[in-house]
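1. no sequence on hand, only this structure:
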DNA sequence: GATGAATGAGCCTTCATTCAT
DNA sequence: GATGAATGAAGGCTCATTCAT
């Protein structure tokens, strides 16, 4: 994160701003969470240790347990942080899109590929949490496929577009195809040896949208 | 595997033949691989230990390393086993489908939801390997998104159907949407708190196919 | 080392200062190296475990790896510590002896039987490392027979004494006989069921020196 | 050993001598002991495993425990085998030398460097046992420094030569210097990075003998 | 707040030993 | 006799957690 606080602890000048020896509780926590995301991306979930996270953050080993009481809590809070960030991203995009269902669908398709959200580290971390979700209920709840609000909004948009004559079929299934296509493209971006770029990713999602709503979308995006 | 020996070690019926104390090399290896899949599904990748695997197989701890040298090799061979099983499943289905591209596409869509392949344990294991794939090249290579043969076949089918007038658009992108939709539905089956069943899974995939090739598919399957 | 902390963990006198829970890095390392020497002497090289070493030092198991990363490194550093201690001992004795070759030879013969160097534990540890040296290049390099400086000094002394008319023959061979006699007596001290004492050890070495330089040495030491 | 039986078990021709599937008990034991010596030399005492020994002998793992009940017994019997071989070597040489003490001393000096005894593997194995002898009484007893017969013979020879006017001094100490010089040269041959050859080894021992008995020996051997 | 030494549980791995074939 | 799969104890190593400074 570009706004992460400087971890260097000893750059004190008399009149300079005080060195971040004591950093705000929340800033330190966020710094450690970002380091956790980077570490999971770099080493994998199974091999991520607290020492790795501390080193990535440029902090001492003991600080991690000071701010998060245990490794489990650090990981849980990292996932909650990612989930909240994700939620704010698409709800914000939706709000900015206004009431038109076509614009709202376009906003949701684009939101998941925003550069702020869709970084390699975040994709990797998401994928790692998915992999562990199967046997950890707390993780499972935070997965996109269990985001009932997201699903409800997507279904509502599809239903309104179908009602408006933009397409036909079961809105729940169409909404699901759109959602899993996005998730599948995310998986591609993470797991492919030679992944395609953001444009091709969006193009793929738009290809799907155009198949269901040909009057409104083309493979290149919103129909003008 | 349906013919794998029962992993339950204490389910001996009075007159049943005693479990073989010594087993052929390959049979033992397969038994341990099956136990590994079950263990990953039950405990997650990060918490899977060799002791867990051995207990699941009803065997001793040291035997795992006797047959696989190391935990890493056991996991690698488990993934290779899953990948080979998966490959044989779709190539077999394809062969049985004959030359017609519509039948071939139908076969590929159905293949990934065959009960033999699409068990909860196998889905979980796949997902766990995906989660670790990002930072382990050997895992990454075995992921479906890197199966060039699969992608090539799917693209070829789409191209032929488009050429036959069954649809329109870029066959590579259509093939990708179909593939990631299948993968996304797999993810749903694994990560959803209340997953839908096989029929709804297939219905979702067919909904996608019908959007691209409406003359050939409906949301219920092949158009009669 | 005489100033090493008492390895007995439970010999606390009521008013004695409590053993320091945290010790400087180097002090801990030296304490662990001393414990390693004692353990090798007591249990033998092949049966020395990290748990033994930790127990001998009155510390926990994990601390050994914290300071030395691996058992191999602990053993290597123990040998380097012994080798450096040995080198400092004979070079120091040499320096104190002044320029006269007779005094220098006397100093070198006596140095190897100094009580600080020639303790039962250290002899045992040296012998254990010799036994493993054959197939571990890093050990082999540290053996006395590969100490080129020692050999060069010994040869130079013998050459000067021969030039002064104190003896005759090939200085390289005479130096070698003196060196291997010392080593052989060390072996005796370690491996004999009923070893002789330091006086008899020195007497044996002086017997050898007297045979080559009869005008300068007797079996009792320097000729007055 | 050049006379070790062929380990190949399947080279049976109709009229050829029967394949050594069933080999004499003693031949198999000797084969395994030779393999043990080679393995200790190649891998070191601490890293020698029964699997290594079996592989070195070209035999199966279980055979080792069949013939020797345990690893400890195999090692003990290997040492006894080496010790007996060594004893037979010097006593035989002594017998062949006749009654003259000068010839007897010459025979003993030469015996320890006979090519049959003084192979790299045997030297290494001896050194390894010495390294472990300190804390294993059974090993300690078999070390050369505890061979009372050897010491007695050497002292008796020195005493007779001194009585004959060939030298002067304490025969026990002279005998010890000669013995430890031989042992020290053995150590050199094993532990030196660039060891000298057999001629230089003998030359060194003769240099020592010549120092004590100058009328009888020179650095080149027996005085003509 | 912050640090890093210290602890100890638990894991992977090795290997001597056993035993069915 | 001979084989090699199977067992289980024990060792090296990792790492989450604690705590004195």
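-> Looks like it arrived, so ask away. These figures come from a predicted structure and were not determined experimentally.
2. all helices of chain A, in order?
-> Listed in chain order, the helices of chain A (DSSP state H) span A:25-43, A:50-57, A:61-67, A:71-97, A:101-111, A:120-133, A:137-142, A:148-163, A:171-191, A:198-212.
3. near DNA strand E at all, the third one?
-> The one in question is helix A:61-67. Yes: applying C-beta under 7 Å from any atom of the strand, one finds helix A:61-67 touching DNA strand E at A:61-63, A:66. Quick note: C-beta positions are derived from backbone N, CA and C, even for glycine.
4. closest one to chain B out of those residues, please.
-> Distance to chain B, by C-beta to the nearest C-beta, is smallest for residue A:61 among the residues of helix A:61-67 next to DNA strand E, at 20.3 Å.
5. residue A:111 contacts residue A:89, doesn't it?
-> Yes: here residue A:111 lies in contact with residue A:89, judged by C-beta atoms under 8 Å, at a distance of 5.5 Å.
6. common neighbours of these two, please.
-> For the pair residue A:111 and residue A:89, residues contacting each of them under the criterion C-beta atoms under 8 Å, 6 or more residues apart in numbering or on different chains are residue A:117.
7. those two: which has the busier surroundings?
-> Set residue A:111 next to residue A:89 and count neighbours by other C-beta atoms under 10 Å in any protein chain shown: residue A:111 wins out with 20 against 16.
8. pick out the residue of chain A closest to DNA strand E.
-> Across chain A, the shortest distance to DNA strand E (C-beta to the nearest atom of the strand) belongs to residue A:62, at 2.0 Å.
9. distance of that residue from residue D:132?
-> Residue A:62 is 43 Å from residue D:132, where distance means C-beta to C-beta, to the nearest Å.
10. higher neighbour count, the two?
-> residue D:132 (22 against 10).
11. the more buried one and chain A, how far apart?
-> Using C-beta to the nearest C-beta, to the nearest Å, residue D:132 is found at 38 Å from chain A.
12. isn't that residue up against residue D:45?
-> Yes: with contact defined as C-beta under 8 Å, residue D:132 counts as touching residue D:45 (5.9 Å).
13. who touches both of those two?
-> Residues touching both residue D:132 and residue D:45 (C-beta under 8 Å, 6+ apart) are C:45-46, C:131.
14. now do stretch A:200-217, average pLDDT.
-> Along stretch A:200-217, the predicted local confidence has a mean pLDDT of 98.
15. typo on my end, stretch A:94-109
-> Model confidence over stretch A:94-109, given as mean pLDDT, is 97.
16. and that stretch, how far out from the chain's middle?
-> Computed by C-alpha atoms, centre = their mean, to the nearest Å, the chain-centroid distance of stretch A:94-109 equals 19 Å.
17. for it, which outside residues touch it?
-> For stretch A:94-109, contacts defined as C-beta under 8 Å, 6+ apart pick out A:90, A:93, A:111, A:153-154, A:157-158, A:160-161, A:164, A:166, A:178, A:182, A:202, A:205-206, A:209, A:213, A:216-217, A:221-222.
18. which intervals of chain A have sub-threshold pLDDT?
-> For chain A, applying pLDDT under 70 flags the ranges A:1-23.
19. now the nearest residue to residue A:167 once chain neighbours are set aside: how far from residue B:102?
-> Spatial nearest neighbour of residue A:167, chain neighbours left out: residue A:213 (4.5 Å); criterion: C-beta to C-beta, 6 or more residues apart in numbering or on different chains. From residue A:213 across to residue B:102, the span is 24 Å (C-beta to C-beta).
20. compare these two (neighbour count), which wins?
-> When neighbours are counted by other C-beta under 10 Å, residue A:213 comes out ahead of the other of residue A:213 and residue B:102, with 23 against 20.
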